[in-house]
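*Asks:* Sequence and predicted structure are below.
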Amino acid sequence: MSKLAVVALGGNALQRDYQKGTIEEQETNAFHTLENLVFLIKEGYELIITHGNGPQVGDILLKNDAGEAAYAIPQMPLDICVAGTQGEIGYMIERILHNVMNKHGIRKNIITLISQVVVNHQGESFRNPTKRIGRSYSPEMAKDLSRAKGWIFKEEQKSHGGVRRVVPSPEPLEILNKEIIQQLVLQGNIVIAAGGGGIPVYIDSNGDIRTVEAVIDKDLASALLAASVGADEFIILTDVPYIYLNYKKPGQQIVEFLDYKDTLKYLEQGMFGEGNMKPKIEAALYFLKKGGKKSIITEATKLEDKRFGSKITMEYDPTDRRHVDNYNNT
C-alpha cells in the first residue's frame, strides 16, 4: 500500500543565499533538489510538494517599488504577489520534475494548484505584526510610506540598519480545496500546493472569501496540509542533514531520533535556532499533534540514506537510547 508524504522544499531548493537568483540558477537548483525525490517515488510514495517563496516575493516587492516610482504603475497587494509566485515556482517545479522523472523512466501526472489558506484576520498577529518583508528603507522614507499607505515599519534585524515593512503572520486554520488535493494525490498524481505558505484569506459573514495583507509560515501551512489530507509522513527539506541542539554553539548535538515529548522539552528550553530550526520543529510537532505518524527534517541529499535524517514521532521505545547522539562540535 502506498504511503502519502508531504514534502516541504526549503528556500535553498531554488535559490542559494550567495546567488543572484537568475532563472538559470533557480532551474539548476530545482533539478538537483528534485532529483532526490526520485527515491521516494520509486519507494511507492504518493507526493504532495510545497515550497517557499521568500526571495521571489521579495523581488516582486522591489519591482513594485521601482515600477511605481518610475512609471506610476500601481502596486499589487501582497496576496497577488504570493499567488504570482505560486504559479511561477509551481510551473518551474512541475516542468523540471517531469524532466527528472522522464530521465528515470517514471510516468506520473503533476499538477500545480493555487492555494488559499484561511486565517483568523482578527488574531493577535494582526494587532502586533512582526514579519519583515521587502526592502530596507530609511526612517524618512518609511514615514512617508506609512502616511501614504498605512504600512507599519520596524527596525531591520540585520546589521545594515534601516527599517522594513512588517505584516502579520497568522496561524493557518484551513487549506481551501484540501479535498481536491487529497483526491488528486490518492489517484496517483503529484500535487504542488500551498506554495509560500498559501495565500492568506478569511471568510466573511456572507460566506465570501476576503484577502488580508499577511504572510503565512510555509512549514506550518505545509504541516496543516499534511494533516488535512491524512499524510503518513511530513518531510521538511532544509540545508542541514539533521536537527541540532545548540546549533553552532558550545555543546552542539545531533538528534537523530526524537519523540514528541522530548522535542517539546528541547523547544521550551530554547535549544533550536529562533529564525531557522525552531519554526520547522513547531511545524513537525503540529503535524504529529494533528494525527500524523512521522515528521522528518533533513537535507534533500539524505533522502536515500538509510538513516534518513532526523525523525520525530509521537512516541519512541523508552529503552531506545539513540534519541541523542553526541558529535564533535563543527
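*Replies:* Cool, got the structure.

*Asks:* Need the residue closest to the centroid of this protein.
*Replies:* Computing the C-alpha centroid of the chain and ranking residues by C-alpha atoms, centre = their mean puts Lys218 first, at 3.0 Å.

*Asks:* what's the nearest residue to that one if we skip its chain neighbours?
*Replies:* Nearest non-adjacent residue to Lys218, counting by C-beta to C-beta, 6 or more residues apart in numbering: Gly197, 4.1 Å away. C-beta coordinates here come from the backbone N, C-alpha and C atoms, glycine included.

*Asks:* just Ser169 next, same as before
*Replies:* Spatial nearest neighbour of Ser169, excluding adjacent residues (C-beta to C-beta, 6+ apart): Lys131 at 4.0 Å.

*Asks:* same thing with Gln56?
*Replies:* Distances taken as C-beta to C-beta, 6+ apart put Thr85 closest to Gln56, at 4.4 Å, once the chain neighbours are dropped.

*Asks:* which residues sit in contact with the one you found?
*Replies:* Contact analysis of Thr85 by C-beta atoms under 8 Å, 6 or more residues apart in numbering lists 53, 56-57, 60, 195-196.

*Asks:* Which strand or helix spans it?
*Replies:* helix 78-103 (DSSP states H and E).

*Asks:* chain center to that helix: distance?
*Replies:* Centroid separation between helix 78-103 and its chain, computed with C-alpha atoms, centre = their mean, to the nearest Å, is 14 Å.

*Asks:* That one: which residues count as buried?
*Replies:* By 16 or more other C-beta atoms under 10 Å, the buried positions in helix 78-103 come out as 78-79, 81-86, 88-90, 92-94, 96-98, 100-101.

*Asks:* before we move on, the earlier item: so the residue nearest to Ser169 is in contact with Ile216, correct?
*Replies:* No: Lys131 is beyond contact range of Ile216, at 9.3 Å (criterion: C-beta atoms under 8 Å).

*Asks:* coming back round to it: next one: the residue nearest to Gln56 from Asn53, what distance?
*Replies:* Distance, Thr85 to Asn53, by C-beta to C-beta, to the nearest Å: 4 Å.

*Asks:* Need the overlap of contacts for the two.
*Replies:* Common neighbours of Thr85 and Asn53, using C-beta under 8 Å, 6+ apart, are 195-196.

*Asks:* I figured Ile152 was touching Arg164, is that so?
*Replies:* No: the criterion here is C-beta under 8 Å, and Ile152 misses it with Arg164 at 10.1 Å.

*Asks:* How much space separates the residue nearest to Ser169 from Asp204?
*Replies:* Separation of Lys131 from Asp204 (C-beta to C-beta): 23 Å.
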